[in-house]
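Q: Okay, predicted coordinates and the sequence, questions at the end:
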Amino acid sequence: MPDRTELPHASRGADDAVRPSPSRRPVEAVLFDFHGTLAQVEEPLAWVHAAAAACGVELDRIRATSLADRLLTAGRAGGPLPARVPPRLAELWADRDLYPHAHRGAYTGLAETVDTGIDGFADALYERVLVPEGWLPYPDTAPVLGALAAGGVKVAVVSNIGFDLRPLFAAWGLDGLVDAYALSYEVGRCKPDPGIFLRACGMLGVDPEHTLMVGDTPADAGAVSAGCGVLVLPAADAGRPNGLGAVLDLAGVG
């Protein structure tokens, strides 16, 4: 993940956020990326231990660490990109953010390239990405979403993803703070395609020029092509602040 990307209408981060210029239209809506912006996947060892337990297996730390390292190299949903995608998985990998079956098939297929000796382990690993316990919202997520709602600023989650995020937000008690979800597998477009950002703006009923996109990758910066302002923040480890509070300064709330 890049530390920071400077773009038109983008701030430089939490420490030195730049206020919008007087000529910039006020921010009426904020679009948020999900992974790396609002939440982070659970720590790798916890991921492996939880999946093994679901299969009725208890791992010692040495074996769990070895498996976690190998599985991360193979490719983890919500984690690093795979070192190599086997040819038999190439089509599923290309479509992973457009179809739920492709998302599951790609990531379980990658996990199956690692000989774990545990029956059903690949599916158990994937199941962790579908449940709230497999993710950790950043410390600033709830306060920032709450402040935006209190300030009358609309919010949408815009994510390249192959499964529904709504149950996660509901479990975290944050669903009432999100007005719309533009998920790639539902929209049929993936970031950085401007179409997904325009769809999100349409869901909120807000002009792109009144909208700020917040994310952590160059794909999120594709919102510039849709006419949105952009704030690209550094991704942080689970449980650590990632500078999300800069959004409130740019939106003029808080």
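A: Perfect, thanks for sending it.
Q: chain center to the longest helix seen in the chain: distance?
A: For the chain, the helix that runs over the most residues, judged by DSSP state H, is helix 61-74. On the basis of Cα atoms, centre = their mean, to the nearest Å, helix 61-74 sits 23 Å off its chain's mean C-alpha point.
Q: Any buried residues in it, and which?
A: Under the neighbour-count criterion of 16 or more other Cβ atoms under 10 Å, helix 61-74 has 64, 67, 68, 71, 72, 74 buried. For every residue, glycine as well, the C-beta is placed using N, CA and C.
Q: Surely the last one and residue 108 touch.
A: Put plainly, it is residue 74. No - with contact defined as Cβ atoms under 8 Å, residue 74 does not reach residue 108; the gap is 10.8 Å.
Q: Need the distance between the two termini of stretch 188-195.
A: Using Cα to Cα, to the nearest Å, the end-to-end distance of stretch 188-195 comes to 9 Å.
Q: so what pLDDT did the residue nearest the centre of the chain get?
A: What sits nearest the mean C-alpha location of the chain, by Cα atoms, centre = their mean, is residue 35, with 1.8 Å. On the pLDDT scale, residue 35 is placed at 94.
Q: Which residue is the nearest non-sequential neighbour of residue 201?
A: Excluding its sequence neighbours, the residue lying closest to residue 201 (Cβ to Cβ, 6 or more residues apart in numbering) is residue 208, at 5.0 Å.
Q: typed the wrong thing, it's residue 151
A: Residue 151 sits nearest to residue 253 (Cβ to Cβ, 6+ apart), 3.2 Å away.
Q: domains of this protein?
A: Residue ranges for the domains of the chain, per automatic domain parsing: 29-38+138-251, 41-134.
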